[in-house]
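Participant: 3D model of this:
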Amino acid sequence: MILRRQRLPARALIPALALLVLPGTAAAQLSSPVGGQAQGASGAASTAAPSVAVPQTSVAQFQPAVIEAPTSAPQTDSSVSPQDDAAPRARAKPVPPSEFETYVSNLAGKPLHRFGAELLTPDAGTFAAPPSVVVPGDYRLNPGDQLQLGLTGSVEAALRLTVDNEGRIFVPRVGAITVGGTRYADLHDVIARAVSRQYRQFVLDVMVARLRGITVYVTGFARRPGSFTVSSLSTLVSAVMAAGGPSAGGSFRSLQLRRGGKLVSDFDLYDLLLKGDKTGDATLENGDVIFVASAGDQVAVLGSVNQEAIFELAPNQTISDAIGYAGGTSTVADQARLLVLDTLGLKPGWQQLSTDQARSTLARRGAVVRVLSDLGIERPLGTQPVLITISGEVARPGRYYVKPG
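Facilitator: Down below sits the predicted model:
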């Protein structure tokens with residue numbers, strides 16, 4: 001006997017645990033268990049060997065699922081239309097500059113920001129609940145997710161079932177099926193095996209109809225710390241972006257994911273920004289806490305480099321490492337020398353270093369690195385701020401940078 005897949009129309013869907021008996025199939029309303037007798041016109045049960053018709057490709061892998069916020073958690077506005085979701089997202093307003101950013105911008109004569117500060121950061125409402133998503137095969141089912149089951153053949157029904165807190169769904173005359181934690185790619189086979197213990201000669205279609213949202217907490221030096229309702233497909237980085245990214249004092253190099261009081265991941269956003277490496281970006285679970293650490297030592301890189309910016313350094317990194325973060329030197333850069341202004345050091349003014357010295361000189365926090373140009377268009381040293389020391393009977397003694405003259 002050859003069974004053909006049949007699509008059930010949308011109007012055939014009924015509430016969870018209710019059954020739809022199609023015309024002419026009264027004998028198959030989930031009351032024809034294997035070895036039992038159907039209550040139909042034929043009056044005889046099927047005697048064929050047990051067989052489960054498993055589609056080669058589950059329809060579920062290509063269907064969008066709706067995101068639903070948990071009813072017990074604070075929610076952001078989830079009334080986002082597909083048109084709104086498709087619209088271009090404007091860049092978030094820049095984070096107010098830190099004291100070091102302001103100083104470097106004045107020194108460079110133009111605004112200069114921290115590397116990574118201009119990430120696209122959609123508002124929390126837009127991010128938290130997109131209207132639909134395609135569920136990937138490696139997604140693991142969670143309590144609150146809703147499944148849509150279609151059965152045709154010897155038994156015909158359309159069911160809408162919700163995964164309970166124990167990770168189970170209940171199919172009438174089949175019983176409870178544990179699906180919590182099951183990979184979406186394996187879901188069809190798990191349910192088909194359970195149904196085959198009671199029924200023969202059927203075709204099963206299964207898809208995730210609705211994903212329950214999860215609540216996570218973004219704390220520490222985030223721009224908008226707080227609780228956020230996000231998709232259960234969300235990752236550490238996407239949640240931090242929903243919180244507006246790190247604040248002016250927050251780190252781009254230490255985004256800590258904590259689950260049950262334990263550190264699960266400490267993600268360096270520079271891996272994503274500089275290398276496109278997202279392997280450490282962990283998928284979130286309900287109740288996760290994301291802590292944005294305070295910023296580490298920062299160095300500004302100006303002049304003939306591919307991207308002028310302020311960079312956050314890891315421990316024991318050199319001047320050459322900082323230039324590498326800036327994308328290296330530009331085509332017209334002077335490859336033999338560069339200038340370093342150690343704002344917190346004992347040596348006043350700009351110090352000239354060779355490229356070999358730059359590879360061995362540790363970058364101190366607050367340093368400003370200027371890569372010179374071979375075109376001779378750099379700002380003359382005589383017009384750059386100089387460091388002076390004021391002492392004696394004055395209100396605020398100390399060292400200050402002033403303009404020449």
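Participant: phi first, then psi, for residue 193.
Facilitator: Torsion angles at residue 193 (phi, psi; degrees, to the nearest 10) stand at phi -60, psi -40.
Participant: pull the number of nearby residues for it.
Facilitator: Neighbour count for residue 193, taken as other C-beta atoms under 10 Å: 12. To be clear about C-beta, it is placed using only N, CA and C from the backbone, and glycine gets the same treatment.
Participant: look at it and report its pLDDT.
Facilitator: We have a pLDDT of 94 for residue 193.
Participant: quick check: it vs residue 395, distance?
Facilitator: 82 Å (C-beta to C-beta, to the nearest Å).
Participant: swap in residue 288?
Facilitator: For residue 288, the distance to residue 395 - C-beta to C-beta - is 50 Å.
Participant: look at those two and report which has more neighbours.
Facilitator: Shown here are residue 288 and residue 395; by other C-beta under 10 Å, residue 288 has more neighbours (23 against 5).
Participant: three-state assignment of the residue lying closest to that one once chain neighbours are set aside?
Facilitator: Closest residue to residue 288 apart from its sequence neighbours, by C-beta to C-beta, 6 or more residues apart in numbering: residue 216 at 4.7 Å. Following DSSP: H, G, I helix; E, B strand; the rest coil, the label given to residue 216 is strand.
Participant: next, count neighbours for residue 216.
Facilitator: 25.
Participant: what segments of the protein are helices?
Facilitator: 82-86, 99-108, 124-128, 184-196, 236-242, 269-275, 319-325, 355-360 (DSSP state H).
Participant: most tightly surrounded among the ones you listed?
Facilitator: Across the helices of the chain, the average number of neighbours (mean count of other C-beta atoms under 10 Å) peaks for helix 236-242, which reaches a mean of 23.
Participant: which strand residues bridge residue 267?
Facilitator: In this entry, residue 267 is beta-bridged to residue 255, by DSSP bridges.
Participant: that one against residue 235, yeah?
Facilitator: No: look at residue 267 against residue 235 with C-beta atoms under 8 Å: they stay out of range, at 9.1 Å.
Participant: those two: which has the busier surroundings?
Facilitator: residue 267 (24 against 19).
Participant: OK, contacts around the more buried one?
Facilitator: 236, 237, 254, 255, 256, 257, 280, 281, 282 (C-beta atoms under 8 Å, 6 or more residues apart in numbering).
Participant: so residue 203 touches residue 156, yeah?
Facilitator: No: counting by C-beta under 8 Å, residue 203 does not reach residue 156; the two are 9.6 Å apart.
Participant: so which of these two has more stuff around it?
Facilitator: residue 156 (24 against 20).
Participant: per-residue pLDDT of the more buried one, please?
Facilitator: 90.
Participant: over to the one 10 residues further on?
Facilitator: You'll see residue 166 listed with a pLDDT of 92.
Participant: one more: residue 267?
Facilitator: 96.
Participant: measure it to residue 213 for me?
Facilitator: 22 Å.
Participant: shared neighbours, residue 267 and residue 235?
Facilitator: Joint contacts of residue 267 and residue 235 (C-beta under 8 Å, 6+ apart) are 281, 282.
Participant: can you tell me how far the residue lying closest to residue 169 once chain neighbours are set aside sits from residue 136?
Facilitator: Excluding the flanking residues, the one nearest residue 169 by C-beta to C-beta, 6+ apart is residue 161, at 4.2 Å. As judged by C-beta to C-beta, residue 161 and residue 136 stand 21 Å apart.
Participant: ok, residue 362 next?
Facilitator: Relative to residue 136, and taking C-beta to C-beta, residue 362 is found at 44 Å.
Participant: over to residue 335?
Facilitator: 46 Å.
Participant: equivalent analysis for residue 169, please.
Facilitator: Taken as C-beta to C-beta, the span from residue 169 to residue 136 is 20 Å.
Participant: name the residue in these two with the higher neighbour count.
Facilitator: Using other C-beta under 10 Å as the criterion, residue 169 and residue 136 rank with residue 169 on top: 25 against 11.
Participant: low pLDDT regions in this protein?
Facilitator: Along the chain, the parts satisfying pLDDT under 70 run over 1-95, 120-133, 346, 376-387, 398-405.
Participant: now do the strands in the stretch 101-250 of the chain.
Facilitator: Under the criterion DSSP state E, counting those that start in this stretch, strands of the stretch 101-250 of the chain are mapped to 133-134, 146-153, 157-162, 168-171, 175-178, 202-212, 214-220, 226-230, 250-259.
Participant: tell me which of the ones you listed lies nearest to residue 118.
Facilitator: Nearest to residue 118 among the strands of the stretch 101-250 of the chain is strand 250-259; the distance by C-beta to C-beta comes to 11.8 Å.
Participant: residues making contact with the closest one?
Facilitator: 114-116, 220-223, 236-237, 240, 246, 263-270, 273, 282, 284-285, 287-296, 312, 314.
Participant: select only the buried ones of those in ChimeraX?
Facilitator: Selecting only the buried entries of those in ChimeraX, with 16 or more other C-beta atoms under 10 Å as the criterion:
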select :114,115,116,220,221,222,223,236,237,240,246,264,265,267,268,269,270,282,284,285,288,289,290,291,292,293,295,312
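Participant: burial measure for residue 277, as a count.
Facilitator: Residue 277: 12 neighbours (other C-beta under 10 Å).
Participant: which residues sit in contact with it?
Facilitator: residue 271.
Participant: what of residue 103?
Facilitator: Residue 103 neighbours (C-beta under 8 Å, 6+ apart): residue 343.
Participant: before we move on, back to that, Serialize the strands of the stretch 101-250 of the chain to a markdown table and add fields for distance to residue 302.
Facilitator: As requested, the strands of the stretch 101-250 of the chain are exported to a markdown table (distance: least, C-beta to C-beta, whole Å):
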| stretch | distance to residue 302 |
| --- | --- |
| strand 133-134 | 42 |
| strand 146-153 | 55 |
| strand 157-162 | 57 |
| strand 168-171 | 60 |
| strand 175-178 | 60 |
| strand 202-212 | 47 |
| strand 214-220 | 30 |
| strand 226-230 | 36 |
| strand 250-259 | 19 |
